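Enquirer: what's the 3D shape of this:
(3 chains)
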Amino acid sequence: MEAAQRKTIRNLLLIVVGMVGFVCAMVPLYGLLCDITGLNGKTKGLYTYDPASEAVDKSRTVFVNFVTNTNGGMAGRFWTEDGGLKVHPGQPHTVNFYVTNTSDHVVVTQAVPSLVPGLAIDYFHKTECFCFEQQVLQPGETREMPMRFIVDAKLPQNMTSLSLSYAMFDVTELVDASVLASGGNKG
Amino acid sequence: MSEVVDSHGHDDHDHGPDKGLARWLFTTNHKDIGTLYLWFSFAMFLIGGVLALGIRAELFEPGRQFFEPEFFNQLTTNHGLIMVFGAIMPAFVGLANWLVPMMIGAPDMALPRMNNLSFWILPFAFGMIISTLFMEGGGPNFGWTFYAPLSTTYAPPSTTYFIFAVHMMGASSIMGSINIIATILNMRAPGMTLMQMPLFVWTWLITAYLLLAVMPVLAGVVTMMLFDIHFGTSFFNAAGGGDPVMFQHIFWFFGHPEVYIMILPAFGVVSQIIPTFARKPLFGYDSMVYAVASIAFLSFIVWAHHMFTVGLPLAGQLFFMYATMLIAIPTGVKVFNWTATMWKGAMTFETPMLFAIAFVILFTIGGFSGLMLAITPADYQYQETYFVVAHFHYVLVPGAAFSIIAAVYYWLPKWCGRMYDERLGKLHFWLSFIAVNVTFFPQHFSGLAGMPRRIPDYAVQFADFNMMSSIGAFAFGLSQVLFLYIVVQAIRAGKPAPARAWEGAHGLEWTLPSPLPYHTFTHPPKVTAAEMHS
Amino acid sequence: MSVNKPCKGIRRLPFALGALLVLWSGVALADELNMRPGVTTISQSIFELHTIVLWICVVIGIIVFGAMFWSIIHHRKSSGHKPAQFHENTRLEILWTIVPTVILIVMAFPSTKTLVQMYDTSSPDMIVEVRGYQWKWQYKYLDENRNPAFSFFSILSTPIEERHNEVPKGEHYLLEVDEPLRIPVNKKVQFLVTSEDVIHSWWVPDFGLKRDAIPGTMNDIWAIVPTPGVYRGQCTELCGKDHGFMPVVVQAMEQDDFDAWYAERVEAQKERAALESMSFTADELMTQGEAVYTKYCASCHQANGQGVPPVFPALAGSPIATGDRDEHIARVVDGVAGTAMQAFGSQLSKAELAAVVHFERHSWGNNAGDLTQPVDVANVMAGN
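Expert: Model (predicted):
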């Protein structure tokens, strides 16, 4: 009786410990799920461009719309030279984005990308993007940031327009003081 | 709840309860702890009810009535938190404490000292939550679902206390569940198989497993909030690479099983009461058990139906829609079984039966609106409107709360050996039944007409429904004062009740004498087919 | 055992419940009690789904509750009914598992079809960004033919006196804005929904559209509105204090009217920008400043400048509003990160910023005795 009870309690505690482990694992699992399914519209990481393997599909054009916003009350401006571009799938393009720190102190910024429609994420490749890193901006500094991308030639035919949005966040409070002290060597 | 005196004079070292406050502070007796839980939950029910009346008073007419929007949000948030975690859940734990040992022929709970601890955590947890309302910056104001980043980056300073309180009640629930499972699995009277257990015990066994599985998830999600607020992490902060939508996934992975934690024991209560007053065995015992088990399983794979509007991919929406629709099948089976139990019985309609019948009908109406909400495209129109408010209040008030009230009327004669006033009980039922429908039925209409939930003021076309709702809410609140009177009157001056208080009642608890000795089943009882299902 | 006479109360039960059921089915019958069918094909298919599933529920309800009431009336002890002792019936149990399953499968088909249509955001004629703020909406036209610099806010226009019951409430109480979103009819308009701060939700019931606005994420939905008109909805995700006061108003117009409006509106924005090189008198600044204050600031800092401390500080007598002017400008322009104080530098023109700063420095007993001109704002923004 006693032994059976101890065993029950031990098993129940194992369930609790297991669930604690599961909830910790939820964070990376969610990240993985988003990567696989494009759940939250996040574009993929760095893409290696190989001109030889990419055929340019001149027969159709896709309109890529660029949306820029500052977020969470960031003090500054963030914009792009083009509101949008007409591109042939398979053809690499470069677009310049700009960010200005209008405040009187050093600001660290981070851009968060989001692409719609979500199903296009697998077909939108970035070979260079400022969203892969943070920017340390001196007071009054304006920075030009190129973004290179390729729309995959395998993009489904019914997708004629893509919208790529960047939300620029002020993450000064989230980064270490050491990054600020190093004064903009990064980014 | 009762001044029960051990009149039987046990032959062992056990005696009656201690005198005075020490009895309640240090008790390890399952009956005392059950009583503590029940009174605590009733106190929370009244506090949560007062907050609800504050909401309904503000919404009586369009325009500002009493409160600023900021305080209104604190009212809705704390009403939800207190009712869910303070009233409904502890009430069911109280019922489990009282009934599980008596139903399975055990002398007490498996871990009596931990039982004491898991109760006494709760007053501190809720004291803390209620105290936040008086802090500078106010209490939690982000809804009981506390979606990030409103509950992290944009939250009032008192959120830290809220997180701590959630941890405390989570610990209490986990300890309570371990205790209940250990009791049920190890302390049944010899000869009682699992498939002979009363359905209330079955539903609690499954509920306790659900609690064990999801309370750590709730603890995890509030811990992540704590880190985001104080330690510069970015679990839910898009700026730092996190995702606010992940909060909702984790929250509802806890939250949907939580919904069933609040309704499965109610199924158990009703499955005890209806056969008694129909004088006929429960129809489809086995399928009842399997239905509860399948509902519990499904509760883990439907969480995202609370998030149809966050923009999940199409495949995800379809999966969660289909899975959610499936829940209608086992739930339907239960309702059909209750109806078949009544069919060709010899029914009488004492107060517990009235509440149980009202439960079946009104819970089913809540189930119907639940099915409507499962249809994803239609959900876009219902989501976050008063239609949803009507839906879950139908499930939780005439659902869970009615079942708890029914249970109190049903077992009170056993608990304190005295009968309540049947005439007043019926009056309480009819007042509650009418008031609850006047309160919540019109909310279906205001929701369909387009009124969002959690708003302190509304467009003029919703005025009539809201006024009806407010009048019903005040009537419902006042009826519960009558309930308090009936229970106190029964405890103090009720007519003595026979051991088997109800003609058709079966189960080991009714074989015990009335008034109930302080310690029962110190020797295991004989399990007979007449008392058990089989 | 308390034995009761057959109580009268119970006879009322079937009638009370019957009345409830009639009321429930009334939902499907009476227009004013029901969901709005809306104007788009999507909202109408949603309405059909709603109607079908509602009637299925009503029919099931009538059968189940009917059996229950029959039993309650006929199988009562007081009428001398002896209890049967059956407690299972395999055939019946299989039947009532299979029938609901079939009904659900039948329901799943039209639901899936509608959902797939809703998700087809391909080939839009026009793109609009919808951006939630605490507590207003911002709209921006994004497609290739549009001016990317042009955007505007849509803010509740119901006067505070109506909310405080000091004057009678208007027809569109809480559902009216200073400037609605305008879209052309019969065009596939794609809405990109996102948020500046917390989660909001953009809902237009007549379009069958509701989607959460989430910071850092874009959500896409679409509508083709066939009839011109004004369509009203509200924010449907709790977003803080004024969640109840950020309505969604969309005006659908004929294409020609829309084009004319758009050209005029973009021109007006340019004129507003031209004001930045002008100087204003104190009176002009006060008048203009009060208007801006009422629209953008009063919901937190209150019309009397007293705020709701500690969350929303008072401006009357505040060190910033009575102290150094450039710091005051900087606070309004840059906001305070992580609080409800937004960076208004990106929301208001320099003329509006100057006016509101001047107004705040000369109201509620504040008397800084200076003038704030657009050029001063421009200087602060340039970092001088």
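
Enquirer: Pull the contacting residues for residue 77.
Expert: Unless you meant another one, I'm taking chain A. A:70, A:98-100, A:102, C:346 (Cβ atoms under 8 Å, 6 or more residues apart in numbering or on different chains). Where you see a C-beta, it was placed from the backbone N, CA and C, and this is true even at glycine.

Enquirer: actually chain B
Expert: By Cβ under 8 Å, 6+ apart, the neighbours of B:Thr77 are B:139-144, B:146.

Enquirer: May I ask which of these has the most neighbours?
Expert: B:Asn141 (30 neighbours; other Cβ atoms under 10 Å in any protein chain shown).

Enquirer: what's near enough to touch C:Met253?
Expert: C:182-185, C:228, C:261.

Enquirer: looking at chain A, which helix or strand does the model trust least?
Expert: Lowest by mean pLDDT, DSSP states H and E among the helices and strands of chain A is helix A:177-181, with a mean of 60.

Enquirer: Would you confirm that B:Arg64 contacts C:His164?
Expert: Yes: taking contacts as Cβ atoms under 8 Å, B:Arg64 lies within contact range of C:His164: 5.5 Å.

Enquirer: The two: which has the busier surroundings?
Expert: Set B:Arg64 next to C:His164 and count neighbours by other Cβ under 10 Å: B:Arg64 wins out with 17 against 10.

Enquirer: C:Gly240 - how many residues pack around it?
Expert: Residue crowding around C:Gly240 was assessed by other Cβ under 10 Å; the count is 22.

Enquirer: Name the nearest residue to it, ignoring sequence neighbours.
Expert: Nearest residue to C:Gly240 in three dimensions, chain neighbours excluded: C:Gln134, at 5.3 Å (Cβ to Cβ, 6 or more residues apart in numbering or on different chains).

Enquirer: Kindly report the residues of chain B close to chain A.
Expert: Proximity of chain B to chain A, by Cβ under 8 Å from any Cβ of the partner chain, involves residues B:110-111, B:153, B:174, B:177-178, B:181-182, B:185-186, B:209, B:212-217, B:219-221, B:224, B:232, B:234-235, B:237-241, B:243, B:245-246, B:249-250, B:253, B:311-313, B:315-316.

Enquirer: thinking again about what came up before, tell me the one among the contacts of B:Thr77 nearest to B:Ile361.
Expert: Among the contacts of B:Thr77, B:Trp144 lies closest to B:Ile361 (Cβ to Cβ), at 26.6 Å.

Enquirer: Report the contact partners of the residue lying closest to that closest one once chain neighbours are set aside.
Expert: Nearest residue to B:Trp144 in three dimensions, chain neighbours excluded: B:Gly80, at 3.0 Å (Cβ to Cβ, 6+ apart). Going by Cβ under 8 Å, 6+ apart, B:Gly80 touches B:143-145.

Enquirer: Over to the residue nearest the centre of chain A. Which of the three states is it?
Expert: In chain A, the centroid-proximal residue (Cα atoms, centre = their mean) is A:Pro113; its distance is 3.9 Å. Three-state assignment for A:Pro113 (DSSP: H, G, I helix; E, B strand; the rest coil): strand.

Enquirer: I'd guessed it sits against A:Ser163; true?
Expert: No: assessed by Cβ under 8 Å, A:Pro113 is found out of contact with A:Ser163, at 11.0 Å.

Enquirer: okay, and the common contacts of those two?
Expert: Counting by Cβ under 8 Å, 6+ apart, A:Pro113 and A:Ser163 have no shared contacts at all.

Enquirer: Contact residues of chain A facing chain C?
Expert: Counting by Cβ under 8 Å from any Cβ, the residues of chain A near chain C are A:40-41, A:63, A:65, A:67, A:69-75, A:77, A:83-84, A:86, A:102-104, A:112, A:114-117, A:139-140, A:158-161, A:163, A:165, A:167, A:169-170, A:172-173.

Enquirer: can you give me the strands for chain A?
Expert: Assigned by DSSP state E, the strands in chain A fall at A:62-71, A:76-80, A:84-87, A:92-101, A:107-116, A:124-128, A:135-137, A:142-151, A:161-170.

Enquirer: oh, I was asking about the stretch 301-450 of chain B
Expert: Taking DSSP state E, counting those that start in this stretch as the test, the strands found in the stretch 301-450 of chain B are B:418-419.

Enquirer: Show me the residue of the stretch 301-450 of chain B that gets nearest to chain A, please.
Expert: B:Pro313 (5.6 Å; Cβ to the nearest Cβ).

Enquirer: If I follow the layout properly, that residue ends up in contact with A:Leu119?
Expert: Yes: using Cβ under 8 Å, B:Pro313 is in contact with A:Leu119, at 7.4 Å.

Enquirer: Between these two, tell me which one has more neighbours.
Expert: A direct count of neighbours by other Cβ under 10 Å for B:Pro313 and A:Leu119 places A:Leu119 higher, at 20 against 17.

Enquirer: Give me the distance between the closest residue to chain C within chain B and B:Phe247.
Expert: Closest residue of chain B to chain C, Cβ to the nearest Cβ: B:Ala238 (2.8 Å). Distance, B:Ala238 to B:Phe247, using Cβ to Cβ, to the nearest Å: 11 Å.

Enquirer: again, but for B:Ile174
Expert: B:Ile174 is 22 Å from B:Phe247, by Cβ to Cβ.

Enquirer: Do a quick rundown of the helices in the stretch 201-350 of chain C.
Expert: Under the criterion DSSP state H, counting those that start in this stretch, the stretch 201-350 of chain C contains helices at C:255-274, C:282-292, C:298-301, C:319-322, C:325-334, C:350-361.

Enquirer: For C:Val380, find the nearest of these.
Expert: Closest approach to C:Val380 among the helices of the stretch 201-350 of chain C (Cβ to Cβ): helix C:325-334, 4.4 Å.

Enquirer: helices or strands up against that closest one?
Expert: Under the contact definition 3 or more Cβ pairs under 8 Å, 6 or more residues apart in numbering or on different chains; DSSP states H and E, helix C:325-334 sits against helix C:319-322, helix C:350-361, helix C:374-381.

Enquirer: Measure how the last one sits relative to helix C:282-292, angle-wise.
Expert: Think helix C:374-381. Helix C:374-381 runs at 60 degrees relative to helix C:282-292, counting by axes from the mean of the first three to the mean of the last three Cα atoms, to 10 degrees.

Enquirer: relative orientation of helix C:374-381 and strand A:92-101 in degrees?
Expert: Taking the same axes, to 10 degrees, one finds that helix C:374-381 is oriented at 110 degrees with respect to strand A:92-101.

Enquirer: Check whether helix C:374-381 comes into contact with chain A.
Expert: Yes: counting by Cβ under 8 Å from any Cβ, chain A has neighbours in helix C:374-381: C:Met381.

Enquirer: That helix vs strand A:76-80, what angle?
Expert: Going by the same axes, to 10 degrees, helix C:374-381 makes 90 degrees with strand A:76-80.

Enquirer: Which elements pack onto helix C:374-381?
Expert: Counting by 3+ Cβ pairs under 8 Å, 6+ apart, helix C:374-381 packs on helix C:325-334, helix C:350-361.

Enquirer: Next, the buried residues of that helix.
Expert: C:374, C:376-378, C:380-381 (16 or more other Cβ atoms under 10 Å in any protein chain shown).

Enquirer: pLDDT averaged over it, what's the number?
Expert: On average, the pLDDT along helix C:374-381 is 82.

Enquirer: before we move on, what about the shortest one?
Expert: Per-region confidence: helix C:319-322 scores 86 on mean pLDDT.

Enquirer: which residues sit against it?
Expert: Applying Cβ under 8 Å, 6+ apart, the set of residues contacting helix C:319-322 from outside is C:315, C:327-328, C:331, C:360-361, C:366, C:368.

Enquirer: C:Met218 contacts C:Thr194, correct?
Expert: Yes: at 5.2 Å, C:Met218 counts as touching C:Thr194 under the criterion of Cβ under 8 Å.

Enquirer: Need the overlap of contacts for these two.
Expert: Residues touching both C:Met218 and C:Thr194 by Cβ under 8 Å, 6+ apart: A:114, A:165.

Enquirer: so how far is stretch C:248-256 off the chain centroid?
Expert: Between the centre of stretch C:248-256 and the centre of its host chain there is 17 Å, according to Cα atoms, centre = their mean, to the nearest Å.
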